[in-house]
Structures are given as C-alpha cells and as structure tokens.
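1. task: produce atomic coordinates for the following.
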Amino acid sequence: MFTAAEATACRRLLDLALEEDLGVNGDLTSQAVIPPELPGRAALVARAAGVVAGLPAAEMTFSVIDPQLSFLTRIPDGSAIAPGAVLAVVSGRMRSILTGERTALNFLQRLSGVATATAHYVQTVAGLPCQVLDTRKTTPGWRLLEKYAVRRGGGHNHRMGLGGGVLIKDNHLAAVGGAGAVAEAVRRAREKCGSRFPLEIEVDDLTQLDAALAARPDIVLLDNMGPDLMREAVRRRNAVAPGVLLEASGGVTLATLRAIAESGVDRVSVGALTHSAPALDIALDYQTDAS
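-> Just a heads-up that it's a prediction; the model follows:
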C-alpha cells in the first residue's frame, strides 16, 4: 500500500534502523541460542484497540533481514482492530524473525499510533463537512510515512513540505511589514507562483481576515481563534468570498475539535496527529504448530 516514494523513504529509514540495532556484531543472542536453519512462525498481535498502519514497513523489515521469510498480512492497513487481533504472520528461519522483531514493531507501533490518533479526531467531527488535516510537525525523516498513517486513520494531508504550496504565516507578514502586508504578501505570491500551487495565508484577527478575503487566496488559516470568532469569520467569508476555504489551527485538542468544526470552517489542521501520537501496543508472539 506504500507509494514508490513512501517505499523509498521507508527503506532509507529501515537501513538506518537496522544499522543502529544490529551494529557490527549482529543479533548476538539469536546467533548464540537459535540454530541457523531452525524454522519458526510468529504473529504480529495487537495488544490494544486502534487502527493498524505500517504493515508494509514490517514486511519490508523482515524481507531485508532475510528474503526467504514469508510475510502474510491478515488485516490490511487502515482497519480498526481489537485487542488480540492477528495482523500478520511471518514464517521461516526463526533466527531471522527474532532479529527483525524490534525494528518491525517500532515501525508498526509508531505508524499505527498515528493512524489511531487520527481516527479519534476524525470520529469527533463525524457528520460535519469538515476535514481533519495533519501538519509539518512530523518526526524528521518520517514525514512521508507519518502522513501515510494519517490517511490510513481517515485524515487528510496538508502540504508535504515547503515546496508543496504557499502558506504565508505571521513571520512572513512581519517581514513584509506595513499596514498592507496581507494584500502585498498575497500579491507577491500570485506574481511568483500564479495558480500552480495552493495559496494560503494565516490571520490572527478579523481585520486581517477582511484583508485576506479581499485578496482572494485559496485558503485562509484562522490561527488560535475561539469558536465565536470563527463563526464570525465564516459569516464574513460567506458574504464576500464564498469560494475561499477556511482552516482552523492552533492548540486543537479532542476536547475542542467538535466546537471548532461546528463553527462552519472547512478544515482543521492538528499537529498532535503526528507530534504527540502514542505508539499502539503491538507484539510479536511465537506460534507453535498447534497455534
């Protein structure tokens, strides 16, 4: 389920992870205790409820460790899972399975944690025409995979990086300077980029909002506004620029999300999807022939 770019990013991270875990001596314990050709089988098992994501990374881990290992996915990425669910079964040389165990689980637990957190936010706005988006607040090097996990959890991706769109923020406006900074910043962005990329501008108050709506960006980001201000922002947008999307951001939590979405904004971006998602508890369980 990875795109080519996601698979490339995963392999790069995997090489670093295995170098870190195996070092120059390899898996000393398995080498000492497990005969090299002893066959075995183990299952990746959920210990907690959530949404699974990252099984392609787990499969890649075991394949890099030992291309002769078999990896059978039982539950596809994006599925809701209950405690005890068998996500996949890996079989072949037991020594190889044990060598790849922790690295495979690290990928799977992290990405499933992001997908699970995202699903909680998406469920909170169920029934409302409001999208939940991620941000660039991702683990360095992990952005493509974490944004993949957001999609598996039912969320949407904001721009992938600085080259994916124009987002004029408060520091950009401060650097432009002057009372007309909002209009001037939008003008410069349109002159430079035309309509090739989405153009979004962040505003802190209704005065900036009015200036932004007059400049007609694609999206206006409402930064740290309360629901009452957001409702007024929606009213003004509907009156003068109905084609401009409104996005809320800044300190969004599960407790505040529903009220934000009910204000009428089109989308809410949430840094916590990636920067604060706890890992989902998943284990590797050895299986006997009778398992």
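2. quick one, domains of this structure?
-> Domains of the chain are assigned by automatic domain parsing as 4-117+277-286, 123-275.
3. I'd like these laid out as a markdown table, including mean pLDDT and mean neighbour count.
-> C-beta: built from backbone N, CA, C; applies to glycine. Shown next, in a markdown table, are the domains of the chain (pLDDT from 0 to 100; neighbours: other CB atoms under 10 Å):
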| stretch | mean pLDDT | mean neighbour count |
| --- | --- | --- |
| domain 4-117+277-286 | 98 | 18 |
| domain 123-275 | 97 | 18 |
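4. ranges for the strands of the stretch 151-291 of the chain?
-> Taking DSSP state E, counting those that start in this stretch as the test, the strands found in the stretch 151-291 of the chain are 166-168, 199-203, 219-223, 245-249, 267-269, 282-286.
5. out of these, which comes closest to residue 61?
-> Taking CB to CB, strand 282-286 is the member of these nearest to residue 61, at 11.1 Å.
6. which residues outside the closest one are in contact with it?
-> 40-47, 87, 97, 101, 104-105, 108-109, 112 (CB atoms under 8 Å, 6 or more residues apart in numbering).
7. between those, which is closest to residue 163?
-> Each of the contacts of strand 282-286 was scored against residue 163 by CB to CB, and residue 112 proved nearest at 28.8 Å.
8. what's near enough to touch the nearest residue to residue 220 once chain neighbours are set aside?
-> With sequence-adjacent residues excluded and distances taken as CB to CB, 6 or more residues apart in numbering, residue 220 is closest to residue 212, at 4.9 Å. Going by CB under 8 Å, 6+ apart, residue 212 touches 182, 186, 201, 203, 220.
9. so the second one sits against residue 215, correct?
-> Yes. The pair formed by residue 186 and residue 215 meets the contact definition of CB atoms under 8 Å, at 3.9 Å.
10. which neighbours do the two have in common?
-> By CB under 8 Å, 6+ apart, the residues touching both residue 186 and residue 215 are residue 201.
11. from the contacts of residue 212, which two are the most distant?
-> Within these, 186 and 203 form the most distant pair, 11.3 Å apart (CB to CB).
12. that older thread, from the contacts of residue 212, pick the one nearest residue 28.
-> Nearest to residue 28 among those is residue 201, at 55.9 Å by CB to CB.
13. just list whatever residues bridge to the closest one.
-> With DSSP bridges applied, residue 201 shows beta-bridge pairing to residue 168, residue 220.
14. wait, what's in contact with it?
-> Residue 201 sits next to 167, 168, 182, 185, 186, 212, 215, 217, 219, 220, 221 when contact means CB under 8 Å, 6+ apart.
15. that one and residue 161, how far apart?
-> From residue 201 across to residue 161, the span is 18 Å (CB to CB, to the nearest Å).
16. so residue 271 sits against residue 135, correct?
-> Yes. Assessed by CB under 8 Å, residue 271 is found in contact with residue 135 at 4.5 Å.
17. my read is that residue 88 contacts residue 55, right?
-> Yes. Using CB under 8 Å, residue 88 is in contact with residue 55, at 5.8 Å.
18. before we move on, back to that, need the contacts of residue 212 in TSV (columns: distance to residue 121).
-> Below are the contacts of residue 212 laid out as TSV (distance: CB to CB, whole Å):
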residue	distance to residue 121
182	29
186	30
201	24
203	23
220	21
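19. secondary structure element for residue 64?
-> helix 55-65 (DSSP states H and E).
20. how far does that helix sit from its chain's centre?
-> Offset of helix 55-65 from its chain centre (CA atoms, centre = their mean, to the nearest Å): 20 Å.
21. before I go, just wanted to say thanks for your time.
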